[in-house]
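Chemist: Sequence below, structure please.
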Amino acid sequence: MQNDPGSGRKTRFIAITGGVVSGLGKGAVTASIGNLLQAQGYVVTPIKIDPYINIDAGTMRPTEHGEVFVLDDGGETDQDLGTYERFLGKNMTRENNMTTGQVYRTVIEKERNLEFDGKCVEVIPHIPQEVERRIKTLGQKNGADFVLIEVGGTVGDYQNVLFLEAIRQMHLKGDPVIVVHVVYLPIPRNLGEMKSKPAQHSVRMLNEVGIQPDFIVARAEKPLDSIRREKLSLFCNVKPECVISDPDLETVYEMPAIFEEQGMAKMILERFGLPYKKNPDGFIKWEGFVEGIRNASHGIRIGIVGKYFDTGDFTLEDSYISVIEAIKHASWHSGARPAIQWIDSKAFEKGREKLTALKDYHGIIVPGGFGGSGVEGKILAIQYCRENGIPYLGLCYGMQLAVVEFARNVCGMKTAHSTELGRTDCPVIDILPEQQKNIEQKLYGGTMRLGLWPAVLKEGTLVRSLYGRAEVKERHRHRYEVNPDYISRLEGHGLVFSGVSPDRRLMEFVELPGHQFFVGTQAHPELLSKALQPHPLFVGFVKACLNSNSGDDRPDGYKSADDKPDESCKSSDNIAGRHSIVGGHRIAGGHPRGRGVAEPRAVATKA
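Modeler: I've put the predicted structure just below:
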């Protein structure tokens, strides 16, 4: 049901705002609404508005603002775009993300180019007008029936007031706009009662900038009761049926069904005078996927060895959210319930005897990263996996460090290392030639090898069999590569480079024949995993974990009942962090729906 520009039909706009606290899961709410409208046959495109001054997310640390989600076109964006892709099953572009920095830069460039005809350029109206232009251009380019506008931050923040002003002006001009406001209803332990007053104040703050919400999505630990629903309706000027309960769920992928049960999609379409179909094929397919999650029975325990976990006394799984979701997708596809646990690589550097704990896992992943902190611990973990037959998947930096480990301990190159970490007389990992100039000139933002790049796969390899084709394209984000001067020596000792760039200059995949599963990729395959389309590399890894001799096949993924993370000790005190995810929900700390309570990010000189 595509919006034909020649038919005179307008693109409709749904703005999603948030109040009370940050990290409520506006991205998941946005994606779920889009999921339901797409299932109805409408063309949907979302846009995430980030109020920060940064041009994009590429220069922020993972613990600062979460994962940097890289798109096909090389855009370094907010992690919410990953949520959109996973729920909607289609790829975004950099135009689906907007930041304050981008908006101001465009307005200033237009002023320098005399595009304002000599007018005095003001914050209002010119900044909101640029915001509106970007939103409408996105809708037109995508032929969208609906543009979903997720406004980052919390109502009351000074950073997002100009974006809210743009939405107010669009409504004033007669554009078809409705507003969904996501609020939080706390249940203080000493009271044991759900409180609606913070949500009421949040709506009042939204009213103060000239916006009245059409729907309220009430986030809470428990389902909304009739008393609270009536209160929110009365004091926030929203019909009772338009107050949508959004309780904690076992998995965030249940959210579209929760909204559908309350008639949200039907009410949205009625607001716009559009037809609604009951139980469309797209929704039935999604329900089948969620039912598969509930029925998954085989437990597997997977360890992620990394360092972007901690911020103060809290652990932020958002740093590797796409890796987590890719594991879940592949596990559920294979009928398994993953127990995912954080492993602090620095602990191995303090005591190698702690490496034996890796035998408790069915598989180990070393994800992407930056810099030297914890690197030697990661290399020790990779060596242990290689020598003890534990399934291993190395992503980007995880592939590079696997090459370093192999060079040191199999090829005898004891000083082998990456030049990212300093000078070495055996640089098996070296900077891409075109990247050297960027580093020298301190051009970090948006200058890595970014976006979708092709690779040719070697016939007869495990990687080729997993993909089922000779050429693939994967998303990348790196400055360093396997040094071609050492490839023949590495291959001579048994390492197989199972995928290379078409010009054969860059090594894209590596594997170790004879090992149960030992695969690395220079790419970030986790970024292309979708809820209904798990990534083949992760599917292969999970199947190897199910057949692994390490770990134990308990339903919860743990070797014994006493082996669950100890909530009393921090991750720095134990090789396993206290915050884990079991079968799609966290068992200690964090948020049980796979939505972080904080929004963390990544520094510029990545591997």
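
Chemist: According to the record, where do the domains of this structure fall?
Modeler: 5-291, 296-586 (automatic domain parsing).

Chemist: Lowest average confidence across the ones you listed, which one?
Modeler: Among the domains of the chain, domain 296-586 carries the lowest mean pLDDT, a mean of 84.

Chemist: re the thing from before, with mean neighbour count as new columns, can the domains of the chain be given to me in CSV?
Modeler: From N, CA and C alone the C-beta is placed, and that goes for glycine too. Listed next are those as CSV, based on neighbours: other CB atoms under 10 Å:
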stretch, mean neighbour count
domain 5-291, 19
domain 296-586, 20
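
Chemist: Please enumerate the helices of the stretch 301-450 of the chain.
Modeler: All helices of the stretch 301-450 of the chain, identified by DSSP state H, counting those that start in this stretch, fall at 321-333, 346-350, 375-388, 397-409, 433-440.

Chemist: Grab the CA positions of the second one and hand them over as PDB.
Modeler: In other words, helix 346-350. Extracted in PDB, the C-alpha atoms of helix 346-350 (Å, rounded to 0.1, in the frame of the first residue of the first chain):
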ATOM      1  CA  LYS A 346      41.300  -7.800  32.100                       C
ATOM      2  CA  ALA A 347      40.700 -10.500  34.700                       C
ATOM      3  CA  PHE A 348      42.700 -13.000  32.600                       C
ATOM      4  CA  GLU A 349      45.700 -10.600  32.600                       C
ATOM      5  CA  LYS A 350      45.700 -10.700  36.400                       C
END
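
Chemist: Quick one: residues contacting I258.
Modeler: With contact taken as CB atoms under 8 Å, 6 or more residues apart in numbering, I258 is in contact with 245-247, 249.

Chemist: Which residue, neighbours along the chain excluded, lies closest to D56?
Modeler: Take D56 and drop its neighbours on the chain: the residue closest to it by CB to CB, 6 or more residues apart in numbering is E76, 4.7 Å away.

Chemist: I meant V161, not that one.
Modeler: V209 (6.2 Å).

Chemist: So the one you found versus P125, what's the distance?
Modeler: Counting by CB to CB, to the nearest Å, the separation of V209 from P125 is 15 Å.

Chemist: repeat for G398
Modeler: Applying CB to CB to G398 and P125 gives a distance of 49 Å.

Chemist: I211 is in contact with V179, isn't it?
Modeler: Yes: between I211 and V179 there is a contact under CB atoms under 8 Å: 5.8 Å.

Chemist: list residues touching both of the two?
Modeler: In contact with both I211 and V179: 17, 167, using CB under 8 Å, 6+ apart.

Chemist: and A523, that one's in a helix?
Modeler: No: going by DSSP: H, G, I helix; E, B strand; the rest coil, the assignment for A523 is coil, not a helix.

Chemist: what residues are up against L421?
Modeler: The contact partners of L421, taken as CB under 8 Å, 6+ apart, are 371-372, 375.

Chemist: try D425
Modeler: Taking CB under 8 Å, 6+ apart as the test, what D425 contacts is T415.

Chemist: Torsion angles phi and psi at it?
Modeler: phi -90, psi 0 (degrees, to the nearest 10).

Chemist: just G299 next, same as before
Modeler: Taking degrees, to the nearest 10 as the convention, G299 sits at phi -90, psi 130.

Chemist: Quick check, it in contact with S334.
Modeler: No: in this structure G299 lies outside contact range of S334 using CB under 8 Å: 11.9 Å.

Chemist: Tell me the one of the contacts of I258 nearest R12?
Modeler: Of all those, D246 has the smallest distance to R12: 22.1 Å, by CB to CB.

Chemist: just checking, the closest one touches R219?
Modeler: Yes: counting by CB under 8 Å, D246 does reach R219; the two are 4.9 Å apart.

Chemist: intersection of neighbour lists for the two?
Modeler: 25, 182.

Chemist: Can you check which helix is longest in the protein?
Modeler: Ranked by number of residues, the top helix in the chain under DSSP state H is helix 123-141.

Chemist: That one - contacts with which helices or strands?
Modeler: The helices and strands touching helix 123-141, judged by 3 or more CB pairs under 8 Å, 6 or more residues apart in numbering; DSSP states H and E, are strand 44-50, strand 97-99, helix 100-112, strand 146-151, helix 161-172.

Chemist: Dump those to CSV, plus distance to S233.
Modeler: Formatted as CSV, the helices and strands packed on helix 123-141 follow (distance: least, CB to CB, whole Å):
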stretch, distance to S233
strand 44-50, 27
strand 97-99, 32
helix 100-112, 34
strand 146-151, 23
helix 161-172, 21
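
Chemist: Relative to L269, which of these is closest?
Modeler: Once the helices and strands packed on helix 123-141 are compared by CB to CB, strand 146-151 is nearest, at 9.8 Å.

Chemist: Check which element follows the helix or strand hosting R229 along the chain.
Modeler: If you go by DSSP states H and E, R229 is part of helix 226-236. Elements were assigned by DSSP H and E; along the chain past helix 226-236, the next helix or strand is strand 243-247.

Chemist: Now find how far off-centre stretch 194-214 is within its chain.
Modeler: 29 Å (CA atoms, centre = their mean, to the nearest Å).
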